[in-house]
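Participant: below: sequence and its predicted model.
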Amino acid sequence: ETLNYDAETDYDASSRDHKCGIGIGVGYVHFGEVQPDRSIEILEYAYLDVGFHPEEGGTIIPSEVDLTLRNDNLGDNSFDTIEIYSDVGTDVYIHYFEDRSNVPEGDSPFGNVTDSRLWIRGLPSGSLHPEEIAAIFTTIGEAPGSLNLPGEIPDRLSLMIAIKNFSADNSNNVNDPTLPLNPAQPPNTLLLIAGTSSIKEFNYASTFKRGGYAGDSSSMLVEIDNVPRVIVIQGSFLLSSTGVARVNFDNPNLNTLAQFFDNALLTVVEIVLDIGSILNGLPNAVVGTAGSTGGVIDIKGFNQVKQTLPDGERESMEIEHMRFALASSPQPWLPGTDHILLSEDTDIAVVNGRLGPVDPLVPVAMSMSIGGISHVRHDFDPVNEVRNMQLDGSASGALLIGHLKHDSSDLPNATKQSALVSNRPAQFDILQQAESLEYRASEPIGTITYGGQSGEQRNAIRLSGLPAEFTLVLGDTVGYVADAPMESIQMQMTNATSPLTMDGDHMRFWVNEDTAEASLSLKLSDITAMERLSPLTPGASGPEGTSEVRLVRSSSSPFSVSFEDATVHSNPFLGLNGQVYFDPLPANISLSLPSDVDSDGLALPTFGEEEGIEGLSFFLGDLVDFGSVVNDFVHALTVNVGGDIGESENMSLELDLFTGEAFNMTVDLKKGSNVEAEPDWMHGIGMEALEQTRVETNLSRMPTFTATDRGPMEEILSDGRIDASERANALAILRTVNLTAAEPLVDALEDGRVSSDELKGVNLTLMEEEGITLRDMRAWHLRAWLPSLPAGQINIVYDFRMLEGVPTYEVELMMSEWQPMYPQITVVANGLDGQDVELFIDGFDTEQPRDVEVNVVFSTQENLTVPRVSMEMSYDAGVRLNSAHAIFIDHDALTRVEALVVGIPRSTNLTAVVGDVLSLVVFVPEEYRDNGHSSDSLMIQQSRYVDGFWYPSTAFMRDLPGDMNLVTEPDGRFDIRKQTAFQGMRTLDYSSNTDDMDLYLEAKGRAIEAKGDVLMLAEDLPTRFVLELTDDFGMRVKSSGSGVKKVYVRQTDVPATPGVTIDRVEVVGQNLKGATIHIYSGPGEYPLIVIDDITDGRLVATAQAFVQPGVVEPWLHPVFGDFEMEGRAVLLDAQFTGIIPTASSMGVNGIVTDLSLVGSLTGEFVETRHVMIIDPIGSAIASGLAMIFG
């Protein structure tokens, strides 16, 4: 038949059917005891079948072949070698079979079945250089002259395969660092293949059956094209033990000569069995280096072992292509594509073994096809959590890395994911530590496209234009940093029937709870760095609880954000819809936000306790479902963002943004569906909010709340309120379900918002036990148009605290290098916490960038009879502003505060309290004052809504000083035993750095809870002016300099005593410096008025009063009844200068005095006193004439 061999048509025949070849076989059979029927059971057997055939296109087989199988089982038991010499190139087929399933092996009562087949196409021929042969044996720790080496080093060698266990080598090896590995500093294990030439094709297939069971098996396939002349595989892994006594030497049933040949044959068989055991354990040992025990695996290809030979130097040599597969069940395969594919078959999570259910030999199948590789290294240190992966070779095309989780052959419903690398670099190095991953490659990667699917959940990520070097930061700091920008990152996570995306850089989130669908799409371009730094103290207030997000890009571009909630919510306060547009999104952004790093809502899957590839597979299998977790997390953040109104708890928010260029921002976001008012578009921010108390029912606690009552109650509460027409029906329904606090609840829901005051005395715990829970919620609509935001830093801080029971808010704003597009900006927020706020500022500089800083702390004391609004503010606007107008309406306290400032200094510190008191402290740095002044004018007004009417208190000021302190408030000292005329009077304490401020004060009595209405006008207030109550309950007026230029004070509608009402009291003064007024009671409580300490000025005082004689004197009531008449009082005024009477006068309902002449003559040294009494006779006549003639 050899003469009929056709090299073209017969070359691919199997070894046994080949027409041209030489076959060699060696076998081993272990028999049991002879049975009574003379039969003998075969306990175990093994054989090795070797065939030599011509190379492709040839017809010659070797005429001389040396085959040496060598081990040191009688020495260190550390190595096994296969040494081949052939005079010509040949193809070799090796078939090894072993069945030990009926004898014990190690700790197992049964051995295994191994069936391995190997084709070596193009076996090297000729001999290696003697120095190369010596270098090979030196590398495996058996240098020439080694006492542990059985036999001699061959003088001719074509191919050598050596397996070395250095952990069992107790000898002192040669120290030669020029070798591929230094034997004096060796790894645990070495696998070395060296030949005279490259092997054209290496094709190895093996099947392993545990316990001999076909259902408990594994298969391995290795195909390599153009194997390098030298392959060195070294690492920390340990191979299966060799030298196990599995054969019986020196059989006593044989004669001496037969024993010699039998022992020689059995030695060969033992070596073959050792090699088979090692090869069976090799895949799991190598893969195990990626697991929790860690380790090193290093594979290198060379052209020779020795550094230098006469014909050349040692150089790297590549594997042209390699295909690898390992599985315990049929596995997916991707022919014609470079790939690394893991596949987990859930059908074999547990297999039926010989001793019962066991884990499969290969829980996760692996297939690989890759080429152009000269060096691969994987190093994992589990103690320090450091993993290093290296690959060297030639740049190649696409590489697909994939993972499948499937049930047997059901691939259409499998969980699939893959990452397609458009081009594999020639070299890359990946260093992964506990908190970082560094990637370095010889050239950039075009794209990495990741796709995953689990049921309806699909995830996709595309990284385009990855740089040759970058770092991923992990742990508390998470991010991406590179020297060169990544072209773009695109991401989509969805389970929607029609996934949604949009053009350009964007973030789009769409959700529909009714169909349980969500879609998240993201794209960012030109990314150089992206990091998130965790807070020092998660959840803490202030800087310690702040996390930072950084984004650095090579260039800026527009960025769109879209939220779309297509759910039909039964709760109208839920669902976020709208858009945010940045034009452009700056290239450099640093953003600080509060964070509690809550990993419960968003956590990556972990490797768990599994080893190596198995752990990686489980991680990847869970990762594809991570997309749905992300969508759920984003939905949870947005569906009710800013919607729950919590209790009065401290809260701190901070936005710290740093940008490298100016940008525009447009926002239109709406949360909920029941906000009817729409905010206006403006240069600034507008917001409309609706706050209501939702009534939520627990039907398990309300058995009598049937559908008959639920329908009408839902209709009543559809608008969140219970009006007068609905009250009776709502009350009847709630009483039907036995709600204890039915009536207080219905009354409180009249306006839709339940306050704590409205439910005083109601047991909320009992109400919840009865099935009713109250939940305060908010819907809102926000619009903002902010063009030309600054290129520097933007810092916004919002802090809420309860200080001594008073809710206190702090807002801080800092912007550097801001050049606004327009000089005006407006902020309107209506409905937040029951309050409306409107702020309009005019006068920003649009010509050049300036720094702006504002800090405002404000609070409202609503527990007072007259609520007080307090504010502390410091700011620096970078330029003097034209005006600022603010309106603050508190719907709960029924107050309205309005302020208007014209001519605002660049920088000011301001403290103000408005309510039943008015306190104003202003300080402007001297360099920003205008001739010592701060603002041109100021108006502050607070109005109270009482009994259906608005009652205002107003203050106007003109030519405000640069340093001013003004306080007007009622005096709180009372003593009923003293004169009560001035007790509770409003005091005024004013000091400043100028003497020309004009002041207007007006207050309705109901506005400040005082007797009567008050009006005061003052022109050119001096640097110091005080109106106060004296210690003996008189009234004192004092001022600095030349006094008040002009002053007018009026008080109206003042109830004096029963039956007497002062309609008005008016005082006009000029150049008044000071006065002290006391009222003394004479006989019958007859008043005596004394005015002291007058040195200069003019004074006119007048009054009008109405008297009811029948009320003043009850005995006159039968005559006058409720008759009211105008009272006229005749005042007698005696003026004293020192102790000398200088003048006297008489006036009706008033008095006029002029001290300017006396003051000028005496140099204001002499003080004047006025003593005034009421003439009862004259007063009676004047009152009678007024009654008669009007």
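Facilitator: The structure has been received and is ready for your questions.
Participant: pull the residues that contact stretch 491-507.
Facilitator: 455-462, 508, 510, 512, 516-525, 557-562, 564, 585, 627-628, 630-631 (Cβ atoms under 8 Å, 6 or more residues apart in numbering). Where you see a C-beta, it was placed from the backbone N, CA and C, and this is true even at glycine.
Participant: could you flag which of those are buried?
Facilitator: In these, burial by neighbour count holds for 457-462, 508, 510, 512, 517-525, 557, 559-562, 564, 585, 627-628, 631, counting by 16 or more other Cβ atoms under 10 Å.
Participant: looking at these, which are in strands?
Facilitator: Counting by DSSP state E, the buried ones among the contacts of stretch 491-507 place 457-462, 508, 510, 512, 517-525, 557, 559-562, 564, 585 in strands.
Participant: how about the contacts made by the closest residue in space to residue 463 that isn't next to it in sequence?
Facilitator: In space, and not counting its chain neighbours, residue 463 is closest to residue 448: 4.4 Å by Cβ to Cβ, 6 or more residues apart in numbering. Each residue near residue 448 by Cβ under 8 Å, 6+ apart is listed here: 419-422, 461-463, 466.
Participant: cool, and residue 339?
Facilitator: 367-370, 399-402.
Participant: let's see it at 7 Å
Facilitator: 368-369, 399-400, 402 (Cβ atoms under 7 Å, 6 or more residues apart in numbering).
Participant: going along the chain, name the strands of the stretch 901-1050 of the chain.
Facilitator: For the stretch 901-1050 of the chain, the strands defined by DSSP state E, counting those that start in this stretch occupy 907-914, 918-923, 937-946, 949-958, 963-970, 986-992, 997-1003, 1013-1021, 1024-1029, 1035-1039, 1044-1057.
Participant: can you lay out those strands as a markdown table showing mean neighbour count?
Facilitator: Formatted as a markdown table, those follow (neighbours: other Cβ atoms under 10 Å):
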| stretch | mean neighbour count |
| --- | --- |
| strand 907-914 | 19 |
| strand 918-923 | 19 |
| strand 937-946 | 19 |
| strand 949-958 | 18 |
| strand 963-970 | 19 |
| strand 986-992 | 19 |
| strand 997-1003 | 20 |
| strand 1013-1021 | 20 |
| strand 1024-1029 | 18 |
| strand 1035-1039 | 20 |
| strand 1044-1057 | 17 |
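Participant: among those strands, which gets the worst mean confidence?
Facilitator: Least confidently modelled of the strands of the stretch 901-1050 of the chain is strand 1044-1057, at a mean of 80 by mean pLDDT.
Participant: so the helix or strand just after it versus strand 1024-1029, what angle?
Facilitator: Using DSSP states H and E, the next helix or strand after strand 1044-1057 towards the C-terminus is strand 1060-1072. With axes from the mean of the first three to the mean of the last three Cα atoms, to 10 degrees applied, the angle from strand 1060-1072 to strand 1024-1029 works out at 150 degrees.
Participant: how about strand 1060-1072, which residues are buried there?
Facilitator: Here strand 1060-1072 shows 1061-1062, 1064-1072 as buried, counting by 16+ other Cβ under 10 Å.
Participant: any chance of those in TSV, plus pLDDT and distance to residue 215?
Facilitator: Formatted as TSV, the buried residues of strand 1060-1072 follow (pLDDT from 0 to 100; distance: Cβ to Cβ, whole Å):
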residue	pLDDT	distance to residue 215
1061	71	109
1062	69	110
1064	77	110
1065	77	110
1066	82	112
1067	81	112
1068	87	114
1069	83	113
1070	85	116
1071	84	116
1072	79	113
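Participant: just the residues you listed now: which is nearest residue 1081?
Facilitator: residue 1062 (17.9 Å; Cβ to Cβ).
Participant: most widely separated two among the contacts of residue 448?
Facilitator: Farthest pair in the contacts of residue 448, by Cβ to Cβ: 422 and 461, 13.9 Å.
Participant: now do the domain split for the protein, please.
Facilitator: 22-328, 703-770, 863-872+903-1041, 1057-1063+1073-1190 (automatic domain parsing).
Participant: closest to residue 664 out of the ones you listed?
Facilitator: So among the domains of the chain, domain 863-872+903-1041 is nearest, using Cβ to Cβ, at 26.0 Å.
Participant: end to end, how far does that closest one reach?
Facilitator: One end of domain 863-872+903-1041 to the other measures 41 Å (Cα to Cα, to the nearest Å).
Participant: so how far is that domain off the chain centroid?
Facilitator: 47 Å (Cα atoms, centre = their mean, to the nearest Å).
Participant: next one: residue 587 from residue 818, what distance?
Facilitator: 18 Å (Cβ to Cβ, to the nearest Å).
Participant: hmm, I was thinking of residue 1167
Facilitator: Taken as Cβ to Cβ, the span from residue 1167 to residue 818 is 58 Å.
Participant: if you drop the residues flanking it in sequence, what lies closest to residue 727?
Facilitator: Nearest to residue 727 is residue 746, by Cβ to Cβ, 6+ apart, at 5.8 Å.
Participant: so who does that neighbour touch?
Facilitator: With Cβ under 7 Å, 6+ apart, residue 746 has these contacts: 722, 727, 730-731, 734.
Participant: that one: which element?
Facilitator: helix 742-748.
Participant: partners of residue 825 in the sheet?
Facilitator: With DSSP bridges as the criterion, residue 825 is bridged to residue 841.
Participant: pretty sure it contacts residue 683?
Facilitator: Yes. In this structure, residue 825 is within contact of residue 683 by Cβ atoms under 7 Å, at 5.7 Å.
Participant: could you identify the helix or strand that succeeds the helix or strand encompassing residue 419?
Facilitator: In this assignment (DSSP H and E), residue 419 forms part of strand 410-421. For strand 410-421, the succeeding helix or strand toward the C-terminus, using DSSP H and E, is strand 427-433.
Participant: what lies in contact with the next helix or strand after that next one?
Facilitator: Per DSSP H and E, the first helix or strand lying C-terminal to strand 427-433 is strand 436-441. By Cβ under 7 Å, 6+ apart, the surrounding residues in contact with strand 436-441 are 425, 427-431, 468-474.
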